[in-house]
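[1] Here is my input; please provide its structure:
(2 chains)
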Amino acid sequence: MTATEGVEAVVGSLSTGEPEPMERGTTARGPWSPAWSRFRKHRLAFGSLIFCALLILTAIAAPLIAPYGYEETDIQHKLAGPGSPGHLLGTDLLGRDILSRLIYGLQTALTVAFGAELTALVLALAIGLLAGYLGGRVESLLMAFTDVMYAFPSYLFAVVMVTVLGRSIFALVVAIGIASWVTQARLVRAQVMTLKEREYVEAARSMGAKGSTIAIRYILPNAIGPILVTTSFAIPAAIAAEAGLALLGLGVQPPTPSWGAMISEGSRYLLAAPHMLVAPAVLFALTLLAFTWIGDGVRDAFDPSGEQR
Amino acid sequence: MSEGALLSVRELRTTFRRDGAEPLTAVDGVSFDVRRGQALAIVGESGSGKSVTMRSVMGILPRTARITGGQALFAGRDLLAIGDKELRKVRGREIAMVFQSAMEAMNPTLTLERQLTEHLLWHGICTKAEARKRAVRALGDVGIPDPEKRIRTYPFQLSGGMRQRAMIAMAMVTEPALLIADEPTTAVDVTVQRQILDLLAELKNRGTGVIMITHDLGVARYFCDDAVVMYAGRVVERAPMGRLLDDPRHPYSVGLLGSGVEVGGRDLPLRPIPGSPPDLSHRPEGCPFHPRCAQAELPRCATEQEILTIGPGRDAACWKVAVDA
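    Below you'll find the predicted structure:
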């Protein structure tokens, strides 16, 4: 009986252990590989991931890719239309190349979005883990604080933060990050609370694990799925928030380009130079869509049966 | 009886805090001994307090639980008094635990290697390289084929039976003196059950003390030397395994044996115990079993009954037993 089971097991391992192209050469498929393979089957999400990866690369390599600097003016060709020589997407009121400004604007948008979500994630993980794991009075205090923050209108909060800290990328990261950690922290806490009742957490305790080891090695990695899902939806939200603040005149200090500011400016010259509005608006919409589709894919990958939504 | 005992639990009492109500007594004055190379079965229905008893000894109770009395002497120390930091050094190193469901009791995000070596490193028992060797050996010992390769896999890549065996390997890798197995065969199918029991029996023969928590006397009789029968947080009978099976004395033990399908394979009709175990928040006065007991006589059974010694290594908490004897 042992022998048959052994054979079965070996056969089983041959079929399940078949290396994915991604991870050829490793015998063990990681615990996330089922989620990853589900994600890859989600075409829209996978396509979006490639698109967003290109956006990120473009943002990083902006000075190499952009044909002009974002402040460079071509006084001969103010308000040139799209397709004019040397300016693929035309120029704006001051003769600045729109394509170049879009590329640098992308840099602003992504820096703010990723910076803000990273800040939010770190805060949320710290507070959610502490509250969920320690429980008791610590939890009541932290969650009371979280609830107060939750009740505060986050946009208003961001406006106040930018006003206080000044119009810089740092201020936007802090403002948007602080405005969005709250829901994440609640989610992390809820995850931790269910996971700490799991038998493997008890097993780890029975083997003599310290509290911090349990929290970081046993609870956190198993909470990653849902956290990743909300984070991937939070990124487009942060991009939109940055543009929104810019629209209100609370974005980064000009001349640093921001899509929101470009859209706002373009809308003022809508009839004279529609390309000033169309180019940033289309790119903005595409970027938001792509990031949201990635979020969809991530959600489906971690929750294939659609139980949670 | 406590001479030469590896673990000696005396008058253990554990209560659970409840919102807006009196604390609930889940374990009420439980005592037993386990010796080196001996296996003790703690038998009882769900909610009888058998798991809470062992979790109290291990110090891994939920936050709402509190140990309100008793002793648990292990290697000359009272585990209930040494404090969490000291107790953590005992857990996993000197006393290890095997859980009911290997599927649930292994961290899905860590490889077997990690899970089998981590506690060796936490306790500073050996170096990383040595830990790996030990882990491979332990996997081989529990009959996992090709352990060198298997150790790099994640729990979800193993079959249920293999996972259960890997979990025993995880508990055994530190060579603990005492192994607590909480329903180790409940979640696995019958063919695997036998392998698990064989493994535990072998450990016992090598000198490890084993405590098996189970609701199934058919499993317990397989290799346990002694049995403690629990009901509603109390010990109702203590006896050598064979004696308990042949001649149960407490009416609850009699009922438990009568309601087991597999026990002894005797051609007896099943006689389920009428009623259900008491809600611990409304514990019956006196003997907690008397409302379900066919032989109960009021008011005598509704008064507290001490556990009575009725023979060598045999005690029962029923006054009728003492009268009969």
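
[2] gap between the closest residue to A:Ser84 other than its chain neighbours and A:Leu277?
    Excluding the flanking residues, the one nearest A:Ser84 by C-beta to C-beta, 6 or more residues apart in numbering or on different chains is A:Gly90, at 6.1 Å. (C-beta placed from N, C-alpha, C; glycine too.) Distance, A:Gly90 to A:Leu277, using C-beta to C-beta, to the nearest Å: 11 Å.

[3] OK, contacts around residue 60?
    I went with chain A, as the question did not name one. Applying C-beta atoms under 8 Å, 6 or more residues apart in numbering or on different chains, we find A:Ile60 in contact with A:Gln107.

[4] Chain B was what I was after
    A:Glu202, A:Arg205, A:Ser206, B:Arg91.

[5] which stretch of helix or strand covers the spatially most central residue of chain A?
    Against the mean C-alpha coordinate of chain A, by C-alpha atoms, centre = their mean, the closest residue is A:Ile235 at 3.0 Å. Following DSSP states H and E, one finds A:Ile235 within helix A:220-247.

[6] Same question for B:Leu7.
    Applying DSSP H and E, one finds B:Leu7 within strand B:5-18.

[7] Tell me which residues of that strand come out buried.
    The neighbour-count check on strand B:5-18 (16 or more other C-beta atoms under 10 Å in any protein chain shown) flags B:Ala5, B:Leu6, B:Leu7, B:Ser8, B:Val9, B:Arg10, B:Leu12, B:Arg13, B:Thr14, B:Thr15, B:Phe16 as buried.

[8] What residues of stretch B:105-119 count as buried?
    B:105-107, B:109-119.

[9] mind putting the contacts of B:Ile60 in CSV, pLDDT, secondary structure and neighbour count included?
    CSV is the format used below for those (pLDDT from 0 to 100; DSSP: H, G, I helix; E, B strand; the rest coil; neighbours: other C-beta atoms under 10 Å in any protein chain shown):
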residue, pLDDT, secondary structure, neighbour count
A:Glu202, 90, helix, 22
A:Arg205, 90, helix, 24
A:Ser206, 91, helix, 26
B:Arg91, 92, strand, 25
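
[10] So which of those is the closest to B:Ala302?
    A:Glu202 (37.2 Å; C-beta to C-beta).

[11] residue of the stretch 51-200 of chain B with the smallest distance to chain A?
    B:Gly92 (3.4 Å; C-beta to the nearest C-beta).

[12] ok, which stretches of the stretch 151-300 of chain B are strands?
    Taking DSSP state E, counting those that start in this stretch as the test, the strands found in the stretch 151-300 of chain B are B:178-182, B:209-214, B:226-231, B:234-240.

[13] Strand partners (parallel or antiparallel) of the longest one?
    Here strand B:234-240 is paired, per DSSP bridges, with strand B:226-231 (antiparallel), strand B:314-316 (antiparallel).

[14] Buried residues, it. List them.
    For strand B:234-240, the neighbour count (16+ other C-beta under 10 Å) marks B:Arg234, B:Val235, B:Val236, B:Glu237, B:Arg238, B:Ala239, B:Pro240 as buried.

[15] what residues are up against the residue nearest to the centre of chain A?
    A:Ala113, A:Phe114, A:Glu117, A:Phe291, A:Gly295.

[16] hang on, the earlier thing: let me know which of the strands paired with strand B:234-240 is tucked in deepest.
    With neighbours taken as mean count of other C-beta atoms under 10 Å in any protein chain shown, these reach their highest mean count in strand B:226-231, at a mean of 26.

[17] Read off the pLDDT value for the residue most central in space within chain B.
    Residue closest to the mean C-alpha point of chain B, counted by C-alpha atoms, centre = their mean, is B:Ile213 at 2.7 Å. Reported pLDDT at B:Ile213 in the predicted model: 93.

[18] partner strands of whichever helix or strand comes after the strand holding B:Leu7, parallel or antiparallel?
    Sequence-wise, the next helix or strand downstream of strand B:5-18 (DSSP H and E) is strand B:21-35. Here strand B:21-35 has these sheet partners by DSSP bridges: strand B:5-18 (antiparallel).

[19] what about the strand it pairs with, distance to the chain center?
    Centre-to-centre, strand B:5-18 and its host chain are 13 Å apart (C-alpha atoms, centre = their mean, to the nearest Å).

[20] Also stretch A:36-48?
    With C-alpha atoms, centre = their mean, you get 17 Å for stretch A:36-48.

[21] Also stretch A:203-222?
    Relative to its chain's centre, stretch A:203-222 lies at 28 Å (C-alpha atoms, centre = their mean).

[22] Can you point out the buried residues in it?
    Residues of stretch A:203-222 classed as buried: A:203-209, A:213-215, A:217-222 (neighbour count, 16+ other C-beta under 10 Å).

[23] residues in contact with A:Thr287?
    Here A:Thr287 is in contact with A:Cys52, A:Leu55, A:Leu106, A:Ala109, A:Pro236, A:Ile239 (C-beta under 8 Å, 6+ apart).

[24] Now residue 108. Nearest residue, chain neighbours left out?
    I'll assume chain A. A:Ser258 (5.0 Å).

[25] my bad, the chain I had in mind was chain B
    A:Pro31 is the one closest to B:Pro108 (C-beta to C-beta, 6+ apart), at 5.4 Å.

[26] in stretch B:64-72, what counts as buried?
    Taking 16+ other C-beta under 10 Å as the criterion, stretch B:64-72 shows B:Ala65, B:Ile67, B:Gly70, B:Ala72 as buried.
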